[in-house]
Every structure is written in structure tokens, then in C-alpha cells.
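Engineer: My questions are about this predicted structure, shown below with the sequence.
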Amino acid sequence: MSTLVFDRMSWEDKLRALQELWDAIGREGDRYESPDWHEQALKETQQRHDAGGEQPMDWATAKRELQK
């Protein structure tokens, strides 16, 4: 699929295509092996959360934090 196709798609169609792509990848989840550091990063995040140092946030807040 070329970028020209995406440029002509509505926002809703782009989101729907993205969801369909994630669903397709999910059905083939066994083809992807996460790097070793992913598990360690998740464990560290869980430990911070359990200790009260990591709080969930909504997506809009997360995007603002990432853009800093």
C-alpha cells in the first residue's frame, strides 16, 4: 500500500486500517519475539507502580509528557 493511498483516506478510515493491521499482527503474535530488555522494563515499571511511584495517565497527558 503506498503513502498516496493513506493520504486520500479519511481519519476514520486510517484508524480502522490501523486497528485491522494490529489485529492481523496479533493473530501472528508467535512470529514476533520481544527483545529481552522488554521483560526487564515491564518488571521495573510494575515495581514502581506497586511502590506508588508510577501512576497511570490518560493518553492526552502521556503525549504531552512525551513531547517535553
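Structural biologist: All right, it came through fine. Every value quoted in this text rests on a predicted model; they were computed, and no experiment measured them. Residues are numbered from 1 along each chain as shown.

Engineer: Tell me where the chain has helices.
Structural biologist: 3-8, 11-27, 36-50, 59-67 (DSSP state H).

Engineer: Any idea which of those has the lowest pLDDT on average?
Structural biologist: Of all the helices of the chain, mean pLDDT reaches its minimum on helix 3-8 (a mean of 87).

Engineer: residues making contact with that helix?
Structural biologist: Contacts of helix 3-8 with the rest of the structure, by C-beta atoms under 8 Å, 6 or more residues apart in numbering, involve K14, A17. For every residue, glycine as well, the C-beta is placed using N, CA and C.

Engineer: Using neighbour counts, pick out the buried residues of it.
Structural biologist: Buried residues in helix 3-8, counted by 16 or more other C-beta atoms under 10 Å: none are found.

Engineer: Run through the residues that contact the residue nearest the centre of the chain.
Structural biologist: Centroid-nearest residue in the chain: W22, 9.6 Å away (criterion: C-alpha atoms, centre = their mean). For W22, no contacting residues are found, by C-beta under 8 Å, 6+ apart.

Engineer: where's it relative to H49, distance?
Structural biologist: From W22 across to H49, the span is 24 Å (C-beta to C-beta, to the nearest Å).

Engineer: And for D36?
Structural biologist: Where H49 is concerned, D36 sits at a distance of 21 Å (C-beta to C-beta).

Engineer: The closest residue to M9 other than its chain neighbours: neighbour count?
Structural biologist: Nearest non-adjacent residue to M9, counting by C-beta to C-beta, 6 or more residues apart in numbering: A17, 7.0 Å away. Residues near A17, counting by other C-beta atoms under 10 Å, number 14.
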